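**Student:** requesting a structural model of the entry that follows:
(one chain, ligands or ions: 2)
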Amino acid sequence: MNGASQPTILKADTAGVAKAIDVLGEGGLVAMPTETVYGLAARADSDAAIARIYRAKGRPDFNPLIVHVADVAQAKTLAHLDDRAERLAAAFWPGALTLVVPLRAGAPVAQAVTAGLPTIALRCPAHPVMRAVLAESGLALAAPSANASGKVSPTMADHVARSLGGNVGLILDGGPCAAGIESTIVALREGGGWQVLRHGPVTESRIRGVLDRDADAMTSNRTFEAPGQLASHYAPGKPMRLDAERAQPDEYHIGFADVRGDETLSATGDLAEAAARLYLLLHRAAESGKRRIAVAPVPSEGIGVAINDRLRRAAADMPAQ
Ligand code: AMP
Ligand code: MG
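**Tutor:** Numbers count the residues shown, from 1 in each chain. Ligands and ions are numbered 1, 2, ... in the order given. Predicted structure coming up:
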């Protein structure tokens with residue numbers, strides 16, 4: 001699926017940002033760093049630009065996109081933010097929290113962005129490069145992870161180039177992503193319910209701390225709302241075994257804390273470091289000469305909940321016997 005040509009990779013400096021804004025303004029695609037993973041950005045108000053994202057990723061078109069905004073004021077031009085949304089935005093924006101909120105009638109958003117849903121997923125990112133592009137262009141940018149659909153997400157410019165090849169013309173290289181795992185997605189329902197659709201760097205307990213009055217998490221209607229929640233996703237393309245304290249000779253072993261492995265998510269057992277290195281090591285495991293992958297146990301606390309969520313889905317593609 002990759003085009004024959006290779007993408008241009010520019011440093012994410014002033015000139016790189018200016019070039020990115022030109023390309024985006026004309027409806028083109030630019031891959032750029034955010035604090036979570038690299039995003040594949042296009043202007044959210046253009047049907048043609050959004051179609052390019054779906055084509056480049058090979059993304060099923062029932063899977064809607066997150067729209068990135070410069071601030072709360074811009075978010076309000078696209079969606080209705082109730083009191084809870086305002087409180088969450090005040091607490092966690094700019095940052096790794098995506099809010100699913102009612103779409104404003106007549107909002108300048110291509111239909112394919114929301115895949116026809118009456119809601120829209122919005123995030124105000126913290127990464128200085130993405131923030132500069134948003135602020136200087138004035139555009140709202142749809143930006144899913146910059147990888148072929150269903151595969152491991154990119155945390156470095158080089159991962160993007162290898163996953164998307166010529167399907168993306170321009171990549172801004174801003175170094176490795178700090179959080180390394182996709183944003184937390186929380187859906188706010190009209191009538192008071194809310195639900196974490198995808199676990200991420202902002203933990204459910206911190207969200208609960210802000211929404212203390214609205215603690216009734218809802219469980220219905222999940223199927224097409226967050227296809228990042230499909231059983232198989234983030235697939236490294238090899239059989240994968242979890243909770244492995246030891247590895248077999250044909251396994252690339254990803255360690256954590258006392259379990260050393262071929263390489264470790266974090267030798268000191270630091271979960272934030274583990275999240276930041278998760279996709280890097282899945283990429284390395286995929287490229288290694290080993291036929292299978294084994295991953296050390298990672299505790300399900302704090303951001304460890306999101307790490308284990310991604311590991312389970314990565315393993316679901318080809319479970320190891
Ligand atoms: P990605 O862009 O690859 O990080 O994935 C974006 C995630 O946001 C997917 O899991 C989408 O299903 C989810 N998403 C985007 N828009 C909505 C929406 N309106 N309602 C619920 N989930 C959404
Ligand atoms: Mg993704």
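**Student:** strand partners (parallel or antiparallel) of whatever helix or strand residue 255 lives in?
**Tutor:** For residue 255, the host element (DSSP states H and E) is strand 251-255. Using DSSP bridges, the strands paired with strand 251-255 in its sheet are strand 263-264 (parallel), strand 292-295 (parallel).
**Student:** so where's this structure uncertain?
**Tutor:** Along the chain, segments meeting pLDDT under 70 span 1-4, 213-232, 319-321.
**Student:** with ligand 1 as the reference, measure out to the residue nearest to the spatial centre of it.
**Tutor:** The centroid of the chain falls nearest to residue 182 when counting by C-alpha atoms, centre = their mean (3.3 Å). Going from residue 182 to ligand 1 by C-beta to the nearest ligand atom, to the nearest Å gives 5 Å. The C-beta positions use only the backbone N, C-alpha and C, and glycine is treated the same way.
**Student:** what does the strand holding residue 255 contact?
**Tutor:** Strand 251-255 has contacts (C-beta atoms under 8 Å, 6 or more residues apart in numbering) with 241, 244, 246-247, 259, 261-265, 267, 281-282, 284-285, 288, 290-296.
**Student:** list the contacts of the residue nearest to the centre of the chain.
**Tutor:** Under the criterion of C-beta under 8 Å, 6+ apart, the contact list for residue 182 reads 36-37, 145, 153, 198, 200, 228.
**Student:** quickly check: the helix of greatest length in the chain near ligand 1 or not.
**Tutor:** If each helix of the chain is counted by residues according to DSSP state H, the longest one is helix 271-287. No: remark: helix 271-287 sits outside contact range of ligand 1, by C-beta under 6 Å from any ligand atom, the gap being at least 12.3 Å.
**Student:** how about that helix: buried residues?
**Tutor:** 271-286 (16 or more other C-beta atoms under 10 Å).
**Student:** between that helix and strand 251-255, how big is the angle?
**Tutor:** 170 degrees (axes from the mean of the first three to the mean of the last three C-alpha atoms, to 10 degrees).
**Student:** which other helices and strands contact helix 271-287?
**Tutor:** Applying 3 or more C-beta pairs under 8 Å, 6 or more residues apart in numbering; DSSP states H and E, one finds that helix 271-287 contacts strand 251-255, strand 292-295, helix 304-316.
**Student:** ok, which of these comes nearest residue 131?
**Tutor:** Closest to residue 131 of the helices and strands packed on helix 271-287, according to C-beta to C-beta: helix 304-316, at 22.8 Å.
**Student:** show me which residues of the protein sit near ligand 1.
**Tutor:** So the chain meets ligand 1 at 63-66, 100, 114, 117, 119-121, 144-145, 182, 185, 187, 197-198, 225-228 (C-beta under 6 Å from any ligand atom).
**Student:** could you list which of those residues belong to strands?
**Tutor:** Members of the residues of the chain next to ligand 1 lying in strands (criterion: DSSP state E): 66, 100, 119-121, 185, 187, 197-198.
**Student:** any idea what sits nearest residue 184, other than its immediate chain neighbours?
**Tutor:** Closest residue to residue 184 apart from its sequence neighbours, by C-beta to C-beta, 6 or more residues apart in numbering: residue 200 at 3.4 Å.
**Student:** and residue 253, by the same measure?
**Tutor:** In space, residue 253 is closest to residue 247, 3.5 Å off (C-beta to C-beta, 6+ apart).
**Student:** would you verify that that neighbour is located in a strand?
**Tutor:** No: assigned with DSSP: H, G, I helix; E, B strand; the rest coil, residue 247 falls outside any strand and is coil.
**Student:** contacts only, for it.
**Tutor:** Neighbours of residue 247 in contact, by C-beta under 8 Å, 6+ apart: 253, 261-262, 294.
**Student:** tell me which residues in stretch 167-178 are buried?
**Tutor:** Within stretch 167-178, the residues that count as buried by 16+ other C-beta under 10 Å are 167-174, 176-178.
**Student:** residues near the closest residue to residue 178 other than its chain neighbours, how many?
**Tutor:** Residue nearest to residue 178 in three dimensions, not counting chain neighbours: residue 35, with 5.1 Å by C-beta to C-beta, 6+ apart. Residues within reach of residue 35, counting by other C-beta atoms under 10 Å, total 22.
**Student:** try the one 4 residues further on
**Tutor:** Applying the criterion other C-beta under 10 Å, we find 30 residues in the vicinity of residue 39.
**Student:** buried ones in stretch 39-55, by neighbour count?
**Tutor:** 39-46, 49-50, 52-54.
**Student:** any chance of TSV for those, columns secondary structure and distance to residue 7?
**Tutor:** TSV is the format used below for those (DSSP: H, G, I helix; E, B strand; the rest coil; distance: C-beta to C-beta, whole Å):
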residue	secondary structure	distance to residue 7
39	strand	14
40	strand	11
41	strand	13
42	strand	15
43	strand	19
44	coil	22
45	coil	24
46	coil	20
49	helix	17
50	helix	19
52	helix	13
53	helix	15
54	helix	18
